[in-house]
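Asks: no FASTA, just this:
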């Protein structure tokens, strides 16, 4: 997780801070210097309802047929490939930030689900996977009955 630092416009950066930042940006998070090494993972939300586990993955610019979903044991794997359409020569670019290539994202499913009844919908660049929970983990309501000690004793009074 990134550290939050208060912005102070008159604060001077020390040489050590500058070197630490250079090292971190270059080797720990190599996003700018080595774009071929950069592998971005799709943003994923996973939540549960009373009956389902729902996974939403943001896959902008992709098509549903370019996405593969599998479940092995309790691990959900989403794979995809965003293919680059080569219409412009590489040397004609001023800036190239669009993401192309393949990705694989695996997540542990925290509760047992019925994979054979799962439903996947891809709409507006968002994949929504709905997997029904197994009956064993679905909440069940238990009705509370009145016990013997709560019955009315008005008929047993002595005169």
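Replies: Good, I have the coordinates. None of the values given here were measured: they were computed from a predicted structure.

Asks: From now on I want contacts and neighbour counts done on CA atoms only, so please keep to that.
Replies: OK.

Asks: Name the nearest residue to the residue positioned nearest the centre of the chain, ignoring sequence neighbours.
Replies: Centroid-nearest residue in the chain: residue 44, 2.2 Å away (criterion: CA atoms, centre = their mean). Once flanking residues are discounted, residue 44 sits nearest to residue 57: 4.5 Å by CA to CA, 6 or more residues apart in numbering.

Asks: how far away is the one you found from residue 137?
Replies: Here residue 57 is placed at a distance of 24 Å from residue 137 (CA to CA, to the nearest Å).

Asks: And those two? Which one has more around it.
Replies: Taking other CA atoms under 10 Å, residue 57 and residue 137 do not tie; residue 57 has more neighbours (19 against 12).

Asks: Am I right that that one falls within a strand?
Replies: Yes - according to DSSP: H, G, I helix; E, B strand; the rest coil, residue 57 belongs to a strand.

Asks: That one contacts residue 127, correct?
Replies: Yes - using CA atoms under 8 Å as the test, residue 57 is close enough to residue 127 to be in contact (5.1 Å).
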